[in-house]
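Visitor: 3D, please:
(2 chains)
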Amino acid sequence: MYKGAQGMYSWVGRRVTGLGVVLFLLFHIADTALLLWGPDIYNKVVSFYQMPLFRLAEVGLIAAVIYHAVSGLHIIVLDLWDTSHSYQKQLMVLEYALFAVLFLPAAYFMLAPWLLGQGR
Amino acid sequence: MKEHLAARARATSNFELHSWLFMRVSGILIALLLLGHIAIMHIFHHVEDVNYEFAAARLANPFWRIYDLALLGLALAHGLTGVRIALDDYIRSRGWRVLLKTVLWLTGVLFLAVGAFVLFTFEPVAS
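Guide: Numbers count the residues shown, from 1 in each chain, chains lettered A, B, ... in the order given. Reported below is the predicted structural model:
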């Protein structure tokens, strides 16, 4: 079995997060379609997203989307500029830094009002 | 290392090249659109805010209908192209490939039609 380095784990990560997000996308198109059935059904279904399990899953979804995006930008850089292959380590560090810069504040703003109970 | 040249000579279309390019271009566009979508729906608003009235107020503005339509089409095509590539990696039998790719295309057409129908026709009812 092929055992690559960081590049292979990035590929696995991109595939897993991509398949997860597309599965959510199909659910999300379906739940939005319930708008056509009126307020009662739509409100009942979207209220599920307020359950603690779904609130944690929401943070996981945002993490998956941001990881997939920064990892995708990384391979665009590798595709477009030959010389970028000489800076694989630096690019990987940059990718993780960008992930942290985008995800950590997003997670804070999603979780803080809920966990600190500021009446949101 | 001549396999890629043989494959190139056998190819009758540039479908995979266009697919590769589409994933890069759509990926960047989706990332930009999602910055707005996530900021509004998950940072400035939270799941408690999302209900029928909230959705109706947002869709009252044609800008958001077009925004959501672009996101719907791009994300669905990008995501299902990803699934197609994964199917090519793991499904080796010809019969299963035909079956699963048929299901994939039908899923894409169905969800695009449903999503676009909602965005084009939604009219809020008084609750």
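Visitor: Show me which residues of chain A are close to chain B?
Guide: Proximity of chain A to chain B, by C-beta under 8 Å from any C-beta of the partner chain, involves residues A:15, A:18-19, A:21-22, A:25-26, A:29-30, A:32-33, A:35-36, A:38-40, A:42-43, A:46-47, A:49-50, A:54-55, A:58, A:62, A:65, A:69, A:72-73, A:76, A:79, A:106, A:109-110, A:113-114, A:120. (Each C-beta comes from the backbone N, C-alpha and C, glycine too.)
Visitor: What degree of burial does whatever residue of chain A ends up closest to chain B show, as a neighbour count?
Guide: Residue nearest to chain B within chain A: A:Val22 (3.2 Å; C-beta to the nearest C-beta). A:Val22: 18 surrounding residues under other C-beta atoms under 10 Å in any protein chain shown.
Visitor: what residue lies at the spatial centre of chain B?
Guide: Residue closest to the mean C-alpha point of chain B, counted by C-alpha atoms, centre = their mean, is B:Leu76 at 1.3 Å.
Visitor: Pull the contacting residues for it.
Guide: The contact partners of B:Leu76, taken as C-beta atoms under 8 Å, 6 or more residues apart in numbering or on different chains, are A:25, A:29, B:108, B:111-112, B:115.
Visitor: quick revisit: please convert the buried members of the residues of chain A next to chain B into PyMOL selection syntax.
Guide: Buried members of the residues of chain A next to chain B, defined by 16 or more other C-beta atoms under 10 Å in any protein chain shown, are picked up in PyMOL with:
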select buried, chain A and resi 18+21+22+25+26+29+32+33+35+39+42+43+46+49+55+58+62+65+69+72+73+106+110+114
